[in-house]
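A.B. asks: what follows is a predicted protein model with its sequence.
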Amino acid sequence: QVQLVESGGGTVQAGGSLRLSCAAPTTVFTGNDVLWYRQAPGKQRIRLGRVTADGMSTEEEAVKGRFSISRDDNRSTVYLQMNNLKPEDTGVYYCNTPWGLSLRYWGQGTQVTVSS
């Protein structure tokens, strides 16, 4: 069973920063990649990046240099650090694992609103 809980969203002014968290039982994260996604209002969900089981992260071009992904397996938590936020970063942010994706599972996500 996949149980992912996203948190840390909020409202921030353009240029600000937020750190999102993705928590799950150890059995969900151990040995698995974790991915972050964003769904902007009226748009499809897009992938932002991923962190591999051994801690290597890659971010998509749209957010590279501003967003970074990390994990703390001791806390069974994955983070999305977002800097220099822009109004177009507004949306609901989700994390997931390859297993969750195969099940078409999505958590509730966390809302991020960036005001100009």
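C.D. replies: Arrived safely, thanks for sending. Numbers count the residues shown, from 1 in each chain.
A.B. asks: which residues of the chain fall in helices?
C.D. replies: 26-29, 98-102 (DSSP state H).
A.B. asks: deepest-packed of the ones you listed, please.
C.D. replies: Sort the helices of the chain by mean neighbour count, taking mean count of other Cβ atoms under 10 Å, and helix 26-29 sits at the top with a mean of 16. Where C-beta positions appear, they are placed from N, C-alpha and C, glycine not excepted.
A.B. asks: any idea which residue sits dead centre in the protein?
C.D. replies: Centroid-nearest residue in the chain: residue 36, 3.3 Å away (criterion: Cα atoms, centre = their mean).
A.B. asks: tell me what that residue is bridged to.
C.D. replies: residue 49, residue 95 (DSSP bridges).
A.B. asks: how far away is residue 38 from residue 54?
C.D. replies: Distance of residue 38 to residue 54, given as Cβ to Cβ, to the nearest Å: 25 Å.
A.B. asks: who has more neighbours, the two?
C.D. replies: Taking neighbours as other Cβ atoms under 10 Å, residue 38 and residue 54 compare with residue 38 leading, 24 against 8.
A.B. asks: so what's that one closest to, chain neighbours aside?
C.D. replies: Closest residue in space to residue 38, ignoring its immediate chain neighbours: residue 91 at 4.6 Å, by Cβ to Cβ, 6 or more residues apart in numbering.
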